[in-house]
Every structure is written in C-alpha cells, then in structure tokens.
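**Q** From the sequence below, what's the structure:
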Amino acid sequence: MTKRKNIRAFTFIEVCMAILILSLVFGVGAVVMSYARKETQKGFWIQQSIGQLRNATRQIGIKMKEMSYPSTLVRNYTNTNPPKLIVKVIPFKEKRTYDNAGRLRNIDINPSDAYELRAKANQGMILPSDKPQVLMYFPISEPEKDYSSGYTAGLITWVRFVLEPSKDFSITKLGSIFMEEYESEYDTRVKPDRAYNLDEPFSEKNSKLKRRNEIVIDVSGVEISSYDVSTVRGIAYKKDGSGGNAVMNVKNIISFKIWCKHPKDNRVVLTDMCSVTSNTEVKPL
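**A** A predicted model of the protein is given here:
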C-alpha cells in the first residue's frame, strides 16, 4: 500500500492576509508615486514661472524706459545767399522762447495730457477678475521728420498691458498678462506749432494692433506704484532781470510687481518686480 503524502495548503485566512499585505504595499507605493509626481510638477512649474516672471518684468521695464513724447524735427535751408541750414527740434511737452542773445525768456508747458503714462497706480493689489483689466499704457514715439530732402510722418507705438482671466478662472481665480502694441501716425504740417499742438489720445479705433503676446500666466495679483521725483526744468528771466516761476521737469519712479501662484497649491507663490524712472507724468486709469 502506498502512503498518502501530507500536502500543506493555504488557509482562507492566510490568503486574505496575503492579499491585504499586497494591497497595503501597492497602496503605499501608489501614494509615494503620486506625491513624487506632484512634487515634480511643482518643481517644473516653479522653474517655468521664475523664467516667465523674470522675462515679463524685464520686458515691462524695457518698454517703460523707451516711453517718449511725440516731436517734430525740422531741417531746411533758407532762401538766402548763401543758404543757411536751420535745424529745429519741436517737442510736444514744452515751447521755449529765447532772445537774440540766446537767453531763455519764456517756457510754455503744453496742458494736454494725451501722451502721459496711464496706470492703475497706488491702488493696492489688483486681482484678476472675470473681465480684462487694462493695467497700464503709454506711447513710444518716433519723431516726425520735415527735411528739405523729404518728409516722414511721425509714428507712435502705444504699449498696453492687460490682465485677463485664465481659461479656468472660475476654478483657479488666476489670470494672464498680455502685452499689446498699437501703431498710429501723426502729421503736423498744417499745425502752427507742429508737435506742440498735438492732442490725440490713445484710441483702439484709430490705432492698428500690430502685436499681442501673453508674457506671464498664473497671475494672482499685480501692484503698480509711482513716486514723484520731479526736478526744476528751467527758469525764464525777464528783460529787467527778474525771474519767473520755476518750471518743473516731472519724473516718476514707477514700480510694477507681479505675483504668481501655483494653480493647484496656494502655498506655492512667486513674485518679481521692476522699477523705472520715467520722464513723464502718471495719470490714473
């Protein structure tokens, strides 16, 4: 007779315990993998946002430094014999009068504020909303040239920064900043004081949109500040030697600060800013 061999089998309880242990191991592994993936995504977002913020603030600062008023350059020869070259620079902001000896007798300041920098300055934190918000706009002007060799109309590039809601704004409450550039020409040949008589403020209808770029995303807030650091532009003296009122050369230090927030983690916040001294007034939007 053959003897039956004793075969060791797993009990139901042992099988259940093995399944439970395996489930715990895989569950912990899945949690660790998920955490590692999220942290990797945060690291990538931080790296990308730091670069975007740095480029955005640098671009904003460069554009603000380029801001300039319109002007007219005149370069013609007289009909005298021999001909005499006349060179004039006629700015938008001021008109100066000199006597025959070259002494300054009068300074007229253009009351128009059509070409001043306009911004939501000194209003605290500007938060994204469900509608676009214009943060700032200003002109960068190429002078009008009226030479004996030919005429070239002046060109104004209006630079505008707009805070718009992100596509998932209803969930994240974040936005994006766009930089827009509009162009318009000016011709002052029929005006007696040329560029000094200009008074054509920015209008989307009268300007051509040339470029529109998204410069930074995941924006949680913007703050724009301005500080007046004006200096004396000049003092005109009368013929009797008495001086008039000092005319101020308006300058402002403008700071543009941006905050970015991770769309899925409110604790991850980045910020950067730029500061520029602008030879212009700052008008509120």
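
**Q** Please report how far Ser129 lies from Val28.
**A** 43 Å (Cβ to Cβ, to the nearest Å). The way it works is simple: take the backbone N, C-alpha and C, and place the C-beta from them, glycine included.

**Q** Those two: which has the busier surroundings?
**A** For Ser129 versus Val28, neighbours defined as other Cβ atoms under 10 Å are more numerous around Ser129 (13 against 10).

**Q** nearest spatial neighbour of that one, skipping sequence neighbours?
**A** Spatial nearest neighbour of Ser129, chain neighbours left out: Pro165 (6.7 Å); criterion: Cβ to Cβ, 6 or more residues apart in numbering.

**Q** ok, now which ones touch that neighbour?
**A** Going by Cβ atoms under 8 Å, 6 or more residues apart in numbering, Pro165 touches 128-132, 175-176.

**Q** Which stretches in this structure count as helices?
**A** Taking DSSP state H as the criterion, the chain carries its helices at 12-65, 169-172.

**Q** Show the average pLDDT along the shortest one.
**A** If I follow you right, that is helix 169-172. Taken as a whole, helix 169-172 has a mean pLDDT of 93.

**Q** So which bits of it are buried?
**A** The neighbour-count check on helix 169-172 (16 or more other Cβ atoms under 10 Å) flags Thr172 as buried.

**Q** remind me which residues of the chain are low pLDDT?
**A** Low-confidence segments of the chain (pLDDT under 70): 1-10, 12, 14, 26, 29-30, 32-41, 101-102, 233-248.

**Q** So for it, the centremost residue is which one?
**A** Ile60 (3.8 Å; Cα atoms, centre = their mean).

**Q** check contacts around that residue.
**A** 161, 179, 215, 256, 274.

**Q** If we use 10 Å, what do you get?
**A** 135-136, 159, 161, 177, 179, 215-216, 254, 256, 258, 273-274, 276 (Cβ atoms under 10 Å, 6 or more residues apart in numbering).

**Q** try Ser278
**A** Per Cβ under 10 Å, 6+ apart, neighbours of Ser278: 64-65, 67, 116-117, 138, 226, 229, 250-254.

**Q** and it, bridged to which residues?
**A** Under the criterion DSSP bridges, Ser278 forms beta bridges with Asn252.

**Q** any idea where the strands of the stretch 51-200 of the chain begin and end?
**A** Taking DSSP state E, counting those that start in this stretch as the test, the strands found in the stretch 51-200 of the chain are 71-77, 85-91, 94-98, 104-109, 117-119, 133-142, 144-147, 150-152, 154-165, 175-186.
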